[in-house]
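> I would like to see how this sequence folds:
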Amino acid sequence: MNNQCFHCGLPNPSQNLFSCFVLGKNQQFCCGGCLAIAETLVENQLTDFYRFRDKPSTRPSELIPQELRDIDALDNEDVVEEVSQIHGDMRTIELGIEGITCAACGWLIEKQLGSLPWVQSIKVNVSTHRAVLIWNRHNKLSIFLKKLSALGYKGYPFSLDAQENIYKKTNLSYIKRILVAALGMMQVMTYALAIYIGDFQDLESKHRLFFHWLSGIIATPVVFYSALPFFDSTIRSIKAKQLGMNLPVSIAILSAYFSSVYSLVFGNDVYYFDSVVMFTFFLLVGRYLEHRARYRSILKQQSFNQLLPLSAIKRNTDGSTTSISISKVKTGDILIVNAGEIIPVDGMLCEHSAKINEAVLTGEFMPVDKQIGDSLMSGSTNNSPSLVMSVRADVANSHLQKLVALQNDAEQLKPDTVSIADRVSHYYVLISLLLVSISAGYWWFEQPDRIFSIVLSVLVVSCPCALSLATPAAVAAATAQLSELGLMLRSNTALSELTRVKNTFFDKTGTLTTGTMQLSRIINGSKHSNSDCLQIAYLLESISNHRVSKAFKFEPDELTMSSDSLSEVIGKGVSGKVNGICYRLGNLEFIKEIVGDKIAVEFNRPADSVVTETVLYLVNQHQLVAVFYLKDSIRTTAVAAVDQLKAQGISVSLLSGDALKPSEEVAKKCSIESIFANQTPERKLAEILKAQQESGGTLMVGDGFNDVGAL
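Numbers count the residues shown, from 1 in each chain. Sure, this is the predicted structure:
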């Protein structure tokens, strides 16, 4: 009788108290909890769970009173609103799940709990130990979590703190294993050095054997603790009928270790303890650096939810205002959004015109003019004085939340490939094992007593040590370098996927262009010199943080003027006194208040002006002083990058949220013929998916939140 629980692997009681017929056999269980899970699986014809799993399942534990209180608290309407989103009669929540050990766990949760009549869907991500649950809001979330606990898993509303804790546990595990391997390597190499030197100084055999024994003792915890993750991975790959890179690594470590132990016991003279500990140490360091680099890249991702404010100003029917939580905002509410604040939900402009920065949605940083009745999208910034809006959709149904869903969906679109190293090692292992078999067969007839040492030599020499070490180390180094350059590596297969690229899509603003405004030319209409005009603009713009102001943030060669009484009107311009004279610098609407409509006659934009130019006017109380033309310039490396891609036979397209004419101008300068303009985030993703389906490998280059789905 098997003395281990069929479900969790723990020892069974001495008496046969818990048993159930599973997979054609009468299986034994350690407790009623494990038995209940097995009986549930049998009743629902889900016993394939035990076929697919690659390690014993987590043992179900009785919920302690505090955990029960925490779960029951999620039935409180206010609490559940904070951690979930409502869509009609359905609610959506992202859960963190403890106890997931393999793909079979995710399969079990989806099959067992997804069959509940009030659960619309549940999708489990085994890699991140997270799940997205959609259920009927009239049913209690606590019921689901208790049923999940009965299966041996614990669920809780996901938070970044939980992700941080998981990272810390993994990080601590790596550090412990590396520390043990490092201490073992240093000590074993000390003994190995004594042996190597002793070979030239007639070291006695008993002393040499003593050093080997010490090396073997110290190498043991390195092999069976530090190298344990490689063995676990090997077992999983074998069960999945795959020969991964960790298989030859495990064969090399174990064969070298046990052959050295064999030499200690039977007096042979073949020892690899120093090689075993060094190999384990360097391999662990490479994996650890890769883990750290990938986590740092994840932390650099911007979260859409962080864009939204925590509260909003609601205007009541009696004209008074109240600050309310974003989660309390409902369709039909009237909100007031102050200058510089973020629009929290989708709505419609009710009073006066406004300038709205929609960079988060379109990628274009220039404000958009909005009139009464125009739509306002969540995540946009109010660049005008306070505006009044009517709410058209609550937070859960806002445009920004749709982008969050778009990002989550895009993250599930993973390439159906494996890394180059894994592909190579799969065939490499087969060839290595074939060579080992041929060598063993040959020496069986030649000198049978030498089979073990020769087979071991072939295994050690043929082990892809360089491949195993170089792959994680190279990925770690490349990931770190890319992060410093502002690029995020989302997958360890991304670098190898670049070799398959046939199409490249570039975003415009901030990608092919610098994303910052630069002064292109000046039209002077006064007695001031151009340098004086620039100095006046420099002093006026010194108080502004607007992107346009950066075009004037330079230090004049000689500052001969002084300023005071500076002020800024958001979305319009700046004003103040320079050498005692009042000046204004801003858009046409801002300076008309001083010089009137005659500016339209005096300074029309020249016919040859570029459509992407932004015009700022400098005026005093008497006249128009100068007109500054600003434009977003092409990156110095953009043209060369496009040319290099074309030289490799890769098609290049421009995928921009900007209007057609500005997109055409940038595309022309970069020699890009295919142009997709006025693209929303959803349409960008659709174009990427279409290109993938039609011609395969597709590369998307962009920045900003509006590119996240496509990326």
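> separation between D557 and A626?
18 Å (CB to CB, to the nearest Å). Placement of C-beta: from N, CA and C, glycine included.
> next one: D564
21 Å.
> before we move on, what about N587?
Separation of N587 from A626 (CB to CB): 14 Å.
> looking at those two, which is more packed in?
A626 (22 against 18; other CB atoms under 10 Å).
> now do the contacts for the more buried one.
By CB atoms under 8 Å, 6 or more residues apart in numbering, the contact set of A626 is 522-526, 528, 530, 533, 537, 617-618.
> buried sites along the helix or strand where E682 lies?
Following DSSP states H and E, the helix or strand that holds E682 is helix 681-695. Going by neighbour count (16 or more other CB atoms under 10 Å), the buried part of helix 681-695 is 681, 684-685, 687-688, 691.
> same question for stretch 519-533.
When burial is assessed from 16+ other CB under 10 Å, stretch 519-533 yields the following buried residues: 520, 522-523, 525, 528, 532-533.
> okay, and which of these map to helices?
532-533 (DSSP state H).
> JSON lines for the buried residues of stretch 519-533, including distance to L349?
JSON lines is the format used below for the buried residues of stretch 519-533 (distance: CB to CB, whole Å):
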{"residue": "S520", "distance to L349": "32"}
{"residue": "I522", "distance to L349": "35"}
{"residue": "I523", "distance to L349": "34"}
{"residue": "G525", "distance to L349": "35"}
{"residue": "H528", "distance to L349": "40"}
{"residue": "D532", "distance to L349": "40"}
{"residue": "C533", "distance to L349": "36"}
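> narrow the buried residues of stretch 519-533 to those in strands?
Judged by DSSP state E, those include 520, 522-523 as members of strands.
> return the list of helices and strands in contact with the helix holding E682.
helix 399-411, strand 503-506, strand 674-676, strand 698-701 (3 or more CB pairs under 8 Å, 6 or more residues apart in numbering; DSSP states H and E).
> tell me where the stretch 551-700 of the chain has strands.
Taking DSSP state E, counting those that start in this stretch, the strands of the stretch 551-700 of the chain run over residues 563-569, 573-578, 581-586, 614-620, 624-634, 651-655, 674-676, 698-701.
> so for Y225, which of the ones you listed sits nearest?
strand 698-701 (41.8 Å; CB to CB).
> so how far is the closest one off the chain centroid?
From the chain centre to the centre of strand 698-701 is a distance of 16 Å (CA atoms, centre = their mean, to the nearest Å).
> so which elements touch it?
For strand 698-701, the packing partners by 3+ CB pairs under 8 Å, 6+ apart come out as strand 503-506, helix 681-695.
> show me what the first one is packed against.
If you count contacts as 3+ CB pairs under 8 Å, 6+ apart, strand 503-506 packs onto strand 651-655, helix 681-695, strand 698-701.
> out of these, the one nearest I324 is which?
helix 681-695 (28.3 Å).
> okay, angle between the closest one and strand 651-655 too, please.
170 degrees (axes from the mean of the first three to the mean of the last three CA atoms, to 10 degrees).
> ok, back up a step: nearest to V666, out of the helices and strands packed on strand 698-701?
In terms of CB to CB, the element of the helices and strands packed on strand 698-701 nearest to V666 is strand 503-506, at 9.1 Å.
> what does the closest one contact?
Here strand 503-506 has contacts from 512, 642, 645, 650-655, 670, 672, 676, 687-688, 691, 695, 697-702, 710, using CB under 8 Å, 6+ apart.
> just how off-centre is that strand within its chain?
21 Å.
> partners of it, with directions?
strand 651-655 (parallel), strand 698-701 (parallel) (DSSP bridges).
> the longest one: which residues count as buried?
In this case it means strand 651-655. Neighbour-count burial for strand 651-655 [16+ other CB under 10 Å]: 651-655.
> mind checking the pLDDT average for it?
The average pLDDT within strand 651-655 is 90.
> out of everything not next to it in sequence, what's closest to G332?
With sequence-adjacent residues excluded and distances taken as CB to CB, 6 or more residues apart in numbering, G332 is closest to V391, at 6.2 Å.
> any idea how many residues pack against the one you found?
V391: 22 neighbours (other CB under 10 Å).
> that one contacts K328, correct?
No - using CB atoms under 8 Å, V391 makes no contact with K328, being 11.1 Å away.
> ok, back up a step: of the helices and strands packed on helix 681-695, which shows the lowest average pLDDT?
Among the helices and strands packed on helix 681-695, helix 399-411 scores lowest, at a mean of 61.
> give me the element I175 is part of.
With DSSP H and E as criterion, I175 is part of helix 160-198.
> so which elements touch that helix?
The helices and strands touching helix 160-198, judged by 3+ CB pairs under 8 Å, 6+ apart, are helix 205-221, helix 273-299.
> where does the prediction get shaky in the stretch 251-400 of the chain?
290, 293-308, 360-366 (pLDDT under 70).
> where exactly do the strands run in it?
Counting by DSSP E, counting those that start in this stretch, the strands of the stretch 251-400 of the chain are 311-315, 321-325, 334-337, 347-351, 354-357, 368-370, 375-376, 381-382, 387-391.
> which positions in the first one come out as buried?
Just to be clear, that refers to strand 311-315. For strand 311-315, by 16+ other CB under 10 Å, it's 312-315.
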